[in-house]
Every structure is written in structure tokens, then in C-alpha cells.
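[1] would you be able to build a 3D model of this:
(2 chains)
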Amino acid sequence: DAGVIQSPRHEVTEMGQEVTLRCKPISGHNSLFWYRQTMMRGLELLIYFNNNVPIDDSGMPEDRFSAKMPNASFSTLKIQPSEPRDSAVYFCASRPNDGDEKLFFGSGTQLSVL
Amino acid sequence: GNSVTQMEGPVTLSEEAFLTINCTYTATGYPSLFWYVQYPGEGLQLLLKATKADDKGSNKGFEATYRKETTSFHLEKGSVQVSDSAVYFCARGSASKIIFGSGTRLSIRP
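    Alright, predicted model coming up:
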């Protein structure tokens, strides 16, 4: 099993540009989570999906952030327009089903907005 | 509210020293509790967990006991190794979500 796959590993962009982060969960996992990690705020849950449906997006910082899960094997997190304060490591994680609390994390995307 | 508080790092120890990283939680009910570990350049991975009061989770020489009376889940290891250098996150389950503490960076000197 390849695990949770995120791309790109690193992204450097300029303020105002659109950024799209991608995630492929482990096959057969029903739940998918997007987290953001910064030194100041630690690990924050942005949004999570169950069976491709967004269940809780209360952690999404503002309207510049959006997430989609068009099918069970793919999700995107988009920031438009990006700002320097969005610089962070963004993690995707998946879980076999809603009753199993163990999360499997990808390696993260290091985003730098200049 | 529902939250997780863990001791601030960084923590620096010599090899073979005893390790304790404190973690307390607030919650209604009895959530599952976890310790995750993040090695440099990687995502988090589950280290151990406990699902009910007085349960002890253990893995790779690490242990943590679910203490309902003190709402704590402290991580311990009797003899740390250089390879244990990482960031450790305490976490709790919350209505299908996992809420993480801020993380504690651990560095072990040879």
C-alpha cells in the first residue's frame, strides 16, 4: 500500500497566486482530513470529508480556502488568492471508516507564499 | 471546551534517560486518547492509543495510561534512544474528528 500521497511536496508562490494542493487517500478509506501545521498554531483541522461529503469545515480560515473531494480517491485544497500568512505545512490524512479513529497521514506539502 | 494541552518543548535529554511528556485534556464524556509521533520531514503516525479509563497504551517502549480522575494521558519511556528524536503530539477523539495538542519536540543527545 502506497499510503496517503500528497503533491506537491514543496510549493513556493507569490502573494495573490492560486495554490492547489492535492491528496490521494489510501484506497478503501472513507474519511479524509486536511490539517495545517504552523509553529504558532500547531496542527489545525481545516476540513474533513466522509464518503466524499464535507462534514465539518469550521476550521477553514476564510473564503479564500476551499476544498473538494470529487471522488473517493482524490481531494484538493485550494487557496485563492494566497497570502504570506498561509505559509505552512498542509497535511492530508485518511481513515478506514468513521468508527475507526486511527489516522494515516501523508508527508505534507510545504507551502511558502512570498 | 474540548481541547488538549501538552507540555511545551523543546525537551532535550541524554540517551538512556527517562522521558515524561505531560498531556491533559478537557472533554465531555470519555474520548479516545492518542499519542502521535512526527519524524523529520514526515507526516504524523500513530504511536499508541487508549480508549477507556485505566487503559494503558504501549508501543516501542513508550507507555501512556488513561487517567480519568486527573484527565491526563502522560507519555513515558524508561530509556530513550537517539532515534526517538521527533515531535510528539497528544490527541483526543471528538465526534469523528481528532483534536491535537501543540506538539512537543524531543531531542536526544548521544
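[2] use CA for all of it now, contacts and neighbours both
    Fine.
[3] list the contacts of A:Ser112.
    When contacts are counted by C-alpha atoms under 8 Å, 6 or more residues apart in numbering or on different chains, A:Ser112 touches A:11-13, A:84, A:86-88.
[4] next one, pLDDT for it please.
    Reading off the confidence values, A:Ser112 has pLDDT 97.
[5] for residue 11, which non-adjacent residue is spatially closest?
    Picked chain A for this. By the measure of C-alpha to C-alpha, 6 or more residues apart in numbering or on different chains, the closest residue to A:Glu11 outside its immediate chain neighbours is A:Leu111, 4.9 Å from it.
[6] correction: the question concerned chain B.
    Nearest residue to B:Val11 in three dimensions, chain neighbours excluded: B:Leu106, at 4.8 Å (C-alpha to C-alpha, 6+ apart).
[7] ranges for the strands of chain A?
    Defined through DSSP state E, the strands belonging to chain A, from first to last, are A:5-7, A:10-13, A:19-24, A:31-38, A:42-50, A:53-56, A:65-71, A:74-79, A:88-95, A:104-105, A:109-113.
[8] OK, contacts around the residue nearest to A:Glu11?
    The neighbourhood of A:Leu111, defined by C-alpha under 8 Å, 6+ apart, consists of A:10-13, A:86-90.
[9] in the residues you listed, find the pair that's most separated.
    The largest distance within the contacts of A:Leu111, taken as C-alpha to C-alpha, falls between A:Thr13 and A:Tyr90 and amounts to 14.7 Å.
[10] of these two, who's got more company?
    Neighbours per residue, other C-alpha atoms under 10 Å in any protein chain shown: of A:Thr13 and A:Tyr90, the larger number sits with A:Tyr90, 26 against 16.
[11] excluding chain neighbours, what is closest to the more buried one?
    On the basis of C-alpha to C-alpha, 6+ apart, the spatially nearest residue to A:Tyr90 that is not a chain neighbour turns out to be A:Arg36, at 4.5 Å.
[12] the helix or strand of chain B with the lowest mean pLDDT near chain A anywhere?
    Of all helical and strand segments in chain B, the minimum by mean pLDDT, DSSP states H and E falls on strand B:97-100, at a mean of 87. Yes: among the residues of strand B:97-100, B:97-100 lie within reach of chain A under C-alpha under 8 Å from any C-alpha of the partner chain.
[13] among these, who's most crowded?
    B:Phe100 (23 neighbours).
[14] isn't that one right up against B:Arg92?
    Yes: taking contact to mean C-alpha atoms under 8 Å, the distance of 6.7 Å between B:Phe100 and B:Arg92 places them in contact.
[15] can you list residues touching both of those two?
    In terms of C-alpha under 8 Å, 6+ apart, B:Phe100 and B:Arg92 are both contacted by the residues B:3-4.
[16] with that, I have no additional questions.
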